[in-house]
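K.L.:
Sequence plus predicted model, see below.
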Amino acid sequence: MIKKTEPIDISKAIRVDKSFIDFGSFYPGSLIKFNFQIKNLTNEKKAVLILFDNVSPEFTKDQLAFNLVNVPYCLNYPIKNSEHVDHCWYFMLPTSKALEKLLVFILHPRGTVPIGIIIDAPRINYPKKLFSLLKINLFDIETRKVIKGEGMHSLGILSEANIETPKLKCCRELLHIDSNFKVIPIVVKNKENPKNIYIPFKNEGNREIELILDIVNFPVQDNQPILESLAEYRCQKTPLRFQANFSSYITININRRENIGKRKKERKVLIAKIKDTSMIYSYILDFFFLS
């Protein structure tokens, strides 16, 4: 049972080992975790409430100072609160894998509890800087209210993260004048069966990427029949690593079918998904089969 005590300055009752967390840079759709610890400085049990500020659209310097946040460098205030818009920050207790927006738990006398902060990076296609403010309060279980004393009644942890967008460029794409979109033309001669095609790509981003590859049919309109493929297409084994600012090749194996008739051309789509993210690139492949 938690002993009923008079409200006190929260900084004299509990302590966090971090007031600022830099998650670094990552790609959209990534799931990143960072741990911190909360310690009870007293000889009594303490109920603690932690939650993310999802009300304030932005944070001022005074607002962060009130929550005892020590930022290691200067920021351009006010800073935008990403939780207010993106709702991408979560908690995770070590005893559970569930993602939570709010936690209430008991700190035993002189005890420590590890907490995980998780960011589920928004699925966007542009760079973005994300900030969130985690608030830590003493909590009265009976009244279900935050305990406010004469001194500080809230601790805070400011988290920062940067979303980067990868840049995967095909060095063989050409503009198709009739349709006004880019295609990769590939010529296959009759005697070359099976045949490996090497398509040059470049990772123009600042981080290494791993690609999951697949080849699918080009979408057709409802009134058009779905034709049998002229060949079997296989991508090389994945995931395929591309170092930062580095060029390499994606290999496609083509095994031409027999008795393909008069058709000499077909269109496919190369799908390149960046592993552990939501980023997907697509490239149109135009195959020309020559007798």
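P.N.:
Great, that's in hand. Numbering: from 1, shown residues only.

K.L.:
measure residue 275 to residue 63 for me?
P.N.:
38 Å (Cβ to Cβ, to the nearest Å). Heads up, the C-betas are built off the backbone N, CA and C, glycines and all.

K.L.:
Of these two, give the one with the bigger neighbour count.
P.N.:
residue 63 (17 against 14; other Cβ atoms under 10 Å).

K.L.:
Shouldn't that one be within a strand?
P.N.:
No: counting by DSSP: H, G, I helix; E, B strand; the rest coil, one finds residue 63 to be helix, located in no strand.

K.L.:
unless I'm mixing things up, it is touching residue 56, no?
P.N.:
Yes: using Cβ atoms under 8 Å, residue 63 is in contact with residue 56, at 7.2 Å.

K.L.:
what sits in contact with each of these two?
P.N.:
residue 133 (Cβ atoms under 8 Å, 6 or more residues apart in numbering).

K.L.:
just the helices in the stretch 1-150 of the chain please.
P.N.:
Ranges of helices in the stretch 1-150 of the chain, per DSSP state H, counting those that start in this stretch, are 61-66, 82-85.

K.L.:
What residues does residue 31 make contact with?
P.N.:
Each residue near residue 31 by Cβ under 8 Å, 6+ apart is listed here: 118-121, 276.

K.L.:
Separate out the buried members of those residues.
P.N.:
118-119, 121 (16 or more other Cβ atoms under 10 Å).

K.L.:
Can you add pLDDT and distance to residue 165 and give these back as JSON lines?
P.N.:
Converted to JSON lines, these look like this (pLDDT from 0 to 100; distance: Cβ to Cβ, whole Å):
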{"residue": "118", "pLDDT": "92", "distance to residue 165": "21"}
{"residue": "119", "pLDDT": "94", "distance to residue 165": "16"}
{"residue": "121", "pLDDT": "91", "distance to residue 165": "11"}
